[in-house]
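[1] A structural model of the following input is requested.
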Amino acid sequence: MAEAVTRESMEYDVVIVGGGPAGLSAAIRLKQLDPDLSVVLLEKGSEVGAHILSGAVLDPSGLDALIPDWREKGAPITVPVVEDNFYVLGPAGQMRIPNWPMPPLMNNHGNYIVSMANVCRWMAGQAEALGVEIFPGMSCSQLVYGPAGEVRGVVAGEFGRDPETGEPGPSYEPGMELLGKYVLLAEGVRGSLSKEVIARYDLSKGKEPQKFGIGMKEIWEIDPEKHRPGTVTHTMGWPLGSNAGGGSFIYHLDNNQVYVGFVVHLNYQNPHLYPYMEFQRFKHHPMVAELLRGGKRVAYGARAITEGGWQSLPKLVAPGVALLGCSAGMVNVPRIKGNHNAMLSGKAAAEAAFAAIGAGRSGDELSAYEAEVRNGAIGADLKKVRNVKPMWSKWGLVPSLALGGLDMWTNNLFGLSLFGTIGHGKTDAAATGKARDFQPIDYPKPDGKLSFDRLTNVAFSFTNHDENQPAHLKLKDPSVPIRVNLPEYAEPAQRYCPAGVYEVVGEGADARFVINFQNCVHCKTCDIKDPSQNINWTTPQGGDGPNYPNM
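    I've put the predicted structure just below:
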């Protein structure tokens, strides 16, 4: 906003934005290295873990490096993987892919089925015990820049702007400036401050476009006789077919619960595709329906996933600031794992910041962090699988299974790829085709037993936004949805959003675009997939959004 606002400020050695695995790892490592460092961590959710959604099968290598005695300290990581299944689905059956031809990196032996929300809650306790100041419910709405253009800090805790004008209202609270020698951004996928930093300092120059998927997840309580703790199942194929890349996961954790999830790559062309309904249709496959029948869904959520990998990783540092974890994009796509790399990135950033502060530096680039990510364990993890995603996008499911497997084997055995490094090409937004070139897809109506409509499911994300605030989903040009997106793309926001935020009401000259921001589960898909790039996702007031219990 253009108006002058006077804010109080607080100084810290390091300011961390985001209470996920990357931010918490950085906070913990800083205090391990020097208990006297002042470290603050700001989390936009109502509590640490409230906005965390992940599969998740956890590779414990990141936690092993950070807190080697995590078992003795009672980490909620208690369900080891005991069985690994991979299927290609057809409409009425499935074909199992044997485990033996798969590269070793695809083996889940030694990994754990976890709730990352609960792991992060536990990590927050470890951080606070070390003296980290953690402030949940504190959205960081803007960056603070220093006189030389360096990132100096963030504005957090702003409340009370008028919902219509966006100007300070009668109960306006300006928030505070939290300033640090270094700011570590660990916001997760497509974070609003990270996006600003990447653009301002041109950190993606010379890199491939970042790629994304939308991941949707339900927690089910199932019949105890069907429950197999430690069983991991992944599928590809039906119902997506040639319409889009993606697949599913089914993880049996404890307490007769299973995580049922579905990922759709966001570079799909057909604007009529409805990722949420593909997920709901998937649960009617005979194999999945048999597992879930007689059970009940207890939670739902969604979030975007970074899928660009090695060739899309931006420069990670700029003056005074560093990008951690999924703020930069460190997911190993074929493994569907990024939490271990997020933790390792937090640890590496903390060590670089500690060394810089010890040398009397501040506000410069943490080049040691960049070097460690690219030349260390994270870089090695991402380089081995760098071609799997672009192969899938360019050549489809079957060729990518064969060629991607070969590429991972040669990388694993010899440290080289026969394909070099394949580019991604278009952004996911630019990949969207015109509606006239594709047939609409007829989706079955949810039955209310295995499949559910979006608004019913959103209630199981426990999402809440105070309506007396400006919408945090901002249109650059309010006319674009009806003037451009509706005639050209059948306005795909009606379908790609997994929470029913966007709808077109009325027809013809009476058509209008409605944003139900109260439903938003903070997945960021709209910011990524809108073909006109007209939607800007920003943070709502602190604490608003989903309240995931066990994701």
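
[2] Quick check, residue 223 in contact with residue 295.
    Yes: here residue 223 reaches residue 295: they are 6.2 Å apart, a contact under CB atoms under 8 Å. C-beta coordinates here come from the backbone N, C-alpha and C atoms, glycine included.

[3] Would you mind putting the CA coordinates of the helix ranked longest in the chain into CSV?
    Secondary structure of the chain per DSSP state H: the longest helix is helix 339-358. Output of helix 339-358 as CSV, limited to C-alpha atoms (Å, rounded to 0.1, in the frame of the first residue of the first chain):
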residue,chain,number,x,y,z
ASN,A,339,10.9,-33.2,3.5
HIS,A,340,14.4,-34.6,3.9
ASN,A,341,15.8,-32.0,1.5
ALA,A,342,13.8,-29.3,3.2
MET,A,343,15.4,-30.3,6.5
LEU,A,344,18.9,-30.5,5.0
SER,A,345,18.4,-27.0,3.4
GLY,A,346,17.4,-25.5,6.7
LYS,A,347,20.5,-27.0,8.3
ALA,A,348,22.7,-25.7,5.6
ALA,A,349,21.3,-22.2,5.6
ALA,A,350,21.7,-22.1,9.4
GLU,A,351,25.3,-23.1,9.2
ALA,A,352,26.0,-20.5,6.5
ALA,A,353,24.2,-17.8,8.5
PHE,A,354,26.1,-18.8,11.7
ALA,A,355,29.4,-18.5,10.0
ALA,A,356,28.6,-15.2,8.4
ILE,A,357,27.4,-13.6,11.6
GLY,A,358,30.5,-15.0,13.4
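
[4] Which residues belonging to it are considered buried?
    Buried residues in helix 339-358, defined by neighbour count with 16 or more other CB atoms under 10 Å: 339-354, 356-357.

[5] what bits of the protein have low per-residue confidence?
    Scanning the chain for pLDDT under 70 picks out 1-3.

[6] more neighbours, residue 223 and residue 295?
    residue 295 (19 against 12; other CB atoms under 10 Å).

[7] residues contacting that one?
    Going by CB atoms under 8 Å, 6 or more residues apart in numbering, residue 295 touches 220-223, 226.

[8] from the residues you listed, which would you call buried?
    Buried members of the contacts of residue 295, scored by 16+ other CB under 10 Å, are 220-222.

[9] coming back round to it: who are the packing partners of the longest helix of the chain?
    strand 8-17, helix 21-33, helix 61-66, strand 176-185, strand 321-323, helix 367-375, helix 377-383 (3 or more CB pairs under 8 Å, 6 or more residues apart in numbering; DSSP states H and E).

[10] Show me which residues of the third one are buried.
    By that I understand helix 61-66. So, applying 16+ other CB under 10 Å, buried residues of helix 61-66: 61-63, 65-66.

[11] Could you do the first one as well?
    Residues of strand 8-17 classed as buried: 12-17 (neighbour count, 16+ other CB under 10 Å).

[12] Which pair in those has the greatest spatial separation?
    13 and 17 (14.9 Å; CB to CB).

[13] picking that back up, of all the helices and strands packed on helix 339-358, which one comes closest to residue 200?
    Of the helices and strands packed on helix 339-358, the one closest to residue 200 (CB to CB) turns out to be strand 321-323, at 9.7 Å.

[14] So which residues make contact with the closest one?
    150-151, 182-185, 194, 197-198, 203, 314, 316-317, 349, 352-353, 366, 369.

[15] now stretch 87-95
    Residues contacting stretch 87-95 (CB under 8 Å, 6+ apart): 96-97, 233-239, 285-287, 397.

[16] Which residues belonging to it are considered buried?
    87-89, 94.

[17] Just name the closest of those to residue 246, please.
    Among the buried residues of stretch 87-95, and counting by CB to CB, the member closest to residue 246 is residue 89, at 11.6 Å.

[18] can you pull out the strands in the stretch 101-250 of the chain?
    Using DSSP state E, counting those that start in this stretch, the strands of the stretch 101-250 of the chain run over residues 112-113, 133-136, 140-145, 151-156, 159-161, 168-173, 176-185, 212-221, 231-237, 246-252.

[19] Which among the ones you listed is found nearest to residue 508?
    Using CB to CB, the nearest of the strands of the stretch 101-250 of the chain to residue 508 is strand 212-221, at 30.6 Å.

[20] and which of the buried residues of helix 61-66 is nearest residue 521?
    Once CB to CB is applied, the member of the buried residues of helix 61-66 that ends up nearest residue 521 is residue 62, at 25.6 Å.

[21] Report the contact partners of the residue lying closest to that closest one once chain neighbours are set aside.
    Nearest residue to residue 62, sequence neighbours excluded (CB to CB, 6 or more residues apart in numbering): residue 343, at 2.9 Å. With CB under 8 Å, 6+ apart as the criterion, the residues that contact residue 343 are 21-22, 25, 62-63, 65-66.
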